[in-house]
Each structure stands twice: as C-alpha cells, then as structure tokens.
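1. Quick one: sequence and predicted model below, then my questions.
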Amino acid sequence: MMMDPLLKGFASGVLGGMTSLPGTALGGAMLGIIENLFGGYISLSFKSVVAFVVIVLMLCIKPSGLLARHYEKKV
C-alpha cells in the first residue's frame, strides 16, 4: 500500500539531495515534469519506471544530489 507515492518521494529526495529541503522540493518538481513528459510522449503505462531510472542515474552521476554538498572527512 502507498508504494507509488513512497517511490516518488524517495526519488525526489535522491534527485535533489537528502540533506537539502529546497533541493528535494526542486527534485520533486523536476520528477513530476519528467514523468508527465515521458507519459505524454512514450506511454502512460511505463510512467512509474521513470522514478527508478532517475534514482539509478542520479546515484551513478552525482550521489549527493543536485543541491546537496558532499562531505568528506579529512584525517
């Protein structure tokens, strides 16, 4: 139950950055736009796949997110 909204929220958090609230809001807006464009041009039945693709691509390209900073400990 509620798996689709949970997936979309997690994907927007990964896209914007888990430590940045404005980044997460921006990630949610971007995810909504990307999903609707995908649904309009490709297929409505594969609209949920976009969230998985966004998660995988963001974790491969920039794991900290779009607006979050990547902290490294210097020893």
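-> Now that the structure is in, tell me what you want to look at.
2. Go through this protein and flag its longest helix.
-> Counting by DSSP state H, the longest helix found in the chain is helix 21-41.
3. Which positions within that one qualify as buried?
-> 23, 24, 26, 27, 28, 30, 31, 34, 35, 38 (16 or more other Cβ atoms under 10 Å). In short, each C-beta sits where N, CA and C put it, glycine included.
4. now swap in stretch 56-72 and tell me
-> Quick answer for stretch 56-72 (16+ other Cβ under 10 Å): 58, 64, 65, 66, 67, 68.
5. sec struct for the fifth one, please.
-> Pointing back at residue 67 there. coil (DSSP: H, G, I helix; E, B strand; the rest coil).
6. Contacts only, for the spatially closest residue to it that is not a sequence neighbour.
-> Among residues not flanking residue 67 along the chain, residue 23 sits closest, at 3.2 Å (Cβ to Cβ, 6 or more residues apart in numbering). Going by Cβ atoms under 8 Å, 6 or more residues apart in numbering, residue 23 touches 16, 17, 65, 66, 67, 68.
7. Can you verify my assumption that the fourth one contacts residue 17?
-> Yes - using Cβ atoms under 8 Å, residue 66 is in contact with residue 17, at 6.1 Å.
8. so how far is stretch 54-69 off the chain centroid?
-> Its chain's C-alpha centre and that of stretch 54-69 lie 8 Å apart, by Cα atoms, centre = their mean, to the nearest Å.
9. For the closest residue to residue 11 other than its chain neighbours, give me the pLDDT.
-> Distances taken as Cβ to Cβ, 6+ apart place residue 51 nearest to residue 11, at 4.0 Å, with adjacent residues excluded. pLDDT for residue 51: 91.
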